[in-house]
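K.L.:
sequence isn't available, so here's the structure alone:
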C-alpha cells in the first residue's frame with residue numbers, strides 16, 4: 001500500500017485531535033485515537049509506561065487539577081511513512097491553571113487499522129533545556 005496525501009491528512013488530523021479531546025475530558029473520543037494495545041510512555045515525566053486507553057483515562061483522572069487546562073499540538077511532521085505505519089514527531093505546549101507553560105516533544109508511531117489511523121505508541125519527552133536534543 002502506498003502512503004497517500006489522504007493518509008497524511010488523516011494522520012495529521014489524528015495528532016491534532018488529541019489536545020482538543022484531552023481538554024474536553026472526552027475519554028471516549030481519546031480512546032478512539034489509540035489502538036487497543038497502545039502504549040503511552042510518560043517515563044520522562046515520572047508516569048511510567050501506560051498500557052491501553054483505559055490506563056490513559058485513569059492517569060488523567062488521578063492527576064485531577066494538576067492536568068493542563070490546555071494542550072496545544074504544533075509542528076507536526078511525518079518523519080517516516082510506509083503503507084500501514086508512520087512515525088510522527090510533534091511539539092506540545094501545556095498551559096497550567098496557574099498560567100505556567102511547559103513544552104514537550106511527542107514521538108508517535110501510528111498504524112492503519114480497520115477503523116482508520118490510530119496511535120500505537122507515544123513517547124512524551126519534556127523540553128527543559130534550549131538547543132538540546
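P.N.:
Good, I have the coordinates. Please read all numbers here as calculations on a predicted model, not as lab measurements.

K.L.:
CA atoms for contacts and neighbours, from now on please.
P.N.:
Noted.

K.L.:
for residue 40, what are its contacts?
P.N.:
Residues near residue 40 by C-alpha atoms under 8 Å, 6 or more residues apart in numbering: 49, 50, 51, 52, 56, 121, 122, 123, 124.

K.L.:
next, the buried residues of the helix or strand hosting it.
P.N.:
Assigned by DSSP states H and E, residue 40 belongs to strand 34-41. Neighbour counts over strand 34-41 (16 or more other C-alpha atoms under 10 Å) mark 34, 35, 38, 39, 40, 41 as buried.

K.L.:
may I have the strands that pair with it, each with its orientation?
P.N.:
strand 49-51 (antiparallel), strand 116-127 (parallel) (DSSP bridges).

K.L.:
neighbours around residue 82, how many?
P.N.:
Here the number of neighbours of residue 82 (other C-alpha atoms under 10 Å) works out to 12.

K.L.:
and if you look at the one 10 residues further on?
P.N.:
Residues within reach of residue 92, counting by other C-alpha under 10 Å, total 21.

K.L.:
and it, that one's in a helix?
P.N.:
No. Under DSSP: H, G, I helix; E, B strand; the rest coil, residue 92 sits outside any helix and is assigned strand.

K.L.:
for this protein, just list every one of the helices.
P.N.:
5-24, 27-31, 53-63 (DSSP state H).

K.L.:
can you list the weak-confidence ranges in this protein?
P.N.:
For the chain, the stretches with pLDDT under 70 are 1, 133.

K.L.:
mind redoing it with 80?
P.N.:
1-2, 83, 132-133 (pLDDT under 80).

K.L.:
dump the residue contacts of residue 22.
P.N.:
30, 71.

K.L.:
measure residue 48 to residue 10 for me?
P.N.:
Taking C-alpha to C-alpha, to the nearest Å as the measure, residue 48 and residue 10 are separated by 29 Å.

K.L.:
no wait, residue 57
P.N.:
For residue 57 relative to residue 10 (C-alpha to C-alpha), the value is 24 Å.

K.L.:
out of those two, which sits in the more crowded spot?
P.N.:
residue 57 (18 against 15).
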